[in-house]
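K.L.:
My questions concern the predicted model and sequence given below.
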Amino acid sequence: MPMGISVAAGLVLSPAGHRHGRGHGHAACRCSSSSAGERQVLFSRIAPVYDHLNDVLSLGQHRTWKRICVSWSRAKMGDRVLDLCCGSGDLAFLLSQKVGLDGEVGVAEVMAVDFSRQQLKTAADRQDHRWKLCYKNIKWIEGDALDLPFTDCYFDAVTVGYGLRNVVDKSKAMREIFRVLKPGSRASILDFNKSSSFFTASLQDWMIDNFVVPLASGYGLTEEYKYLKSSISQYLTGQELEKLAKEAGFSAAKHYELAGGLMGNLVATR
Ligand SMILES: C/C(=C\Cc1cc(O)c2ccccc2c1O)CCC[C@H](C)CCC[C@H](C)CCCC(C)C
Ligand SMILES: C[S@@+](CC[C@H](N)C(=O)[O-])C[C@H]1O[C@@H](n2cnc3c(N)ncnc32)[C@H](O)[C@@H]1O
């Protein structure tokens, strides 16, 4: 059972509406965004244009990468699943179709957790405008990846899309994912690949400098998108992610490169 959460206007909020750091909603991050509070502000600021920019920047390819991530989680009909750092909900909507509607088989529930209320608001609005019945099985939960409001061994699968890189304490987040997964179940974690290839890393940097940041600047989000480059350089390589997962207790962990090495997906089995 999820612990200590209450429902408010379609969103499930954490007990104290918990927020990181000092203040929020103003003072956009003007640095490489080191604290959790600054990152929370950043993701709330980009929420209104996040989906649109993802489509434009990736030429729609992010949808394919997300489908792969969900497929590799092995979520199936009747499962209870978690989409961590759900943002505006792309992976949660895909998971929802995999697990079906409550009552068909098993529990069939998607818990979608994020610490940005603005991102969750976008996700809930998108849910309202979608017609598939299964989307009713998604619960949007305001919560922290470092302190998940669920009991041990609660989920049949966990997905994380472009989330782990943005979490301040990646080891703790991985241990939380391990804790809430049932034995034998999988976490599928999609993100930018921190490539060991000089060519791929340079191409990634070039794209961010010459394509991503200039486009985001048109929306007044220069610093927010500059953060992408520093967050990738501070992230973990595929090998390091496999090690992190094993240290968290996972019995198997394998990282796969996608999109010619620009993206990566870690599959970890508890
Ligand atoms: C999915 C994308 C971005 C997600 C994203 C993640 C973050 O952590 C952020 C943090 C702060 C601000 C924004 C974000 C954020 O948007 C879009 C990724 C686009 C890539 C930069 C470029 C993709 C390259 C190609 C067009 C794809 C070509 C594929 C081909 C197979 C080579
Ligand atoms: C780049 S977005 C990814 C959103 C979505 N998963 C997708 O693939 O489009 C990263 C998300 O992680 C969330 N996030 C970052 N750190 C978090 C944390 N410690 N706890 C919960 N959410 C977090 C942000 O609020 C943001 O919505």
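P.N.:
Noted; the coordinates are in hand. Ligands and ions are numbered 1, 2, ... in the order given.

K.L.:
so where does whatever residue of the stretch 51-200 of the chain ends up closest to ligand 2 fall, helix or strand?
P.N.:
Across the stretch 51-200 of the chain, the shortest distance to ligand 2 (CB to the nearest ligand atom) belongs to residue 87, at 2.3 Å. Placement of C-beta: from N, CA and C, glycine included. Using DSSP states H and E, residue 87 sits within no helix or strand.

K.L.:
separation between the spatially closest residue to residue 264 that is not a sequence neighbour and residue 118?
P.N.:
Leaving aside its chain neighbours, residue 264 sits nearest to residue 193 (3.4 Å; criterion: CB to CB, 6 or more residues apart in numbering). Distance of residue 193 to residue 118, computed by CB to CB, to the nearest Å: 28 Å.

K.L.:
ok, now residue 62?
P.N.:
Taken as CB to CB, the span from residue 62 to residue 118 is 19 Å.

K.L.:
Same question for residue 155.
P.N.:
For residue 155, the distance to residue 118 equals 25 Å [CB to CB].

K.L.:
and those two? which has more neighbours close in?
P.N.:
Counting neighbours by other CB atoms under 10 Å for residue 155 and for residue 118 shows that residue 155 has the greater number, 25 against 21.

K.L.:
residue contacts, that one?
P.N.:
Applying CB atoms under 8 Å, 6 or more residues apart in numbering to residue 155 gives the contacts 79, 80, 81, 82, 111, 180, 181, 182, 185.

K.L.:
switch the cut-off to 10 Å
P.N.:
Applying CB atoms under 10 Å, 6 or more residues apart in numbering to residue 155 gives the contacts 73, 75, 79-82, 84, 109-111, 148, 177, 180-182, 185-187, 270.

K.L.:
Any part of the helix or strand hosting residue 121 near ligand 1?
P.N.:
Assigned by DSSP H and E, residue 121 belongs to helix 117-128. No - using CB under 6 Å from any ligand atom, helix 117-128 stays clear of ligand 1, coming no nearer than 11.2 Å.

K.L.:
Name all residues that make contact with residue 75.
P.N.:
Taking CB under 10 Å, 6+ apart as the test, what residue 75 contacts is 81-83, 91, 94-99, 110, 155-159, 185-186, 188.

K.L.:
from the contacts of residue 155, which would you call buried?
P.N.:
For the contacts of residue 155, a burial check counting by 16 or more other CB atoms under 10 Å picks out 73, 75, 79-82, 84, 109-111, 148, 177, 180-181, 185-187, 270.

K.L.:
among these, which are in helices?
P.N.:
177, 180 (DSSP state H).

K.L.:
Leaving out chain neighbours, which residue sits closest to the residue of the stretch 151-270 of the chain found nearest ligand 1?
P.N.:
The nearest approach of the stretch 151-270 of the chain to ligand 1 comes at residue 162, 3.9 Å away (CB to the nearest ligand atom). Nearest non-adjacent residue to residue 162, counting by CB to CB, 6+ apart: residue 191, 5.5 Å away.

K.L.:
In its sheet, which strands sit next to the one helix or strand that neighbour maps to, and in what direction?
P.N.:
Taking DSSP H and E as the criterion, residue 191 maps to strand 181-192. Paired neighbours of strand 181-192 in the sheet (DSSP bridges): strand 155-161 (parallel), strand 263-269 (antiparallel).
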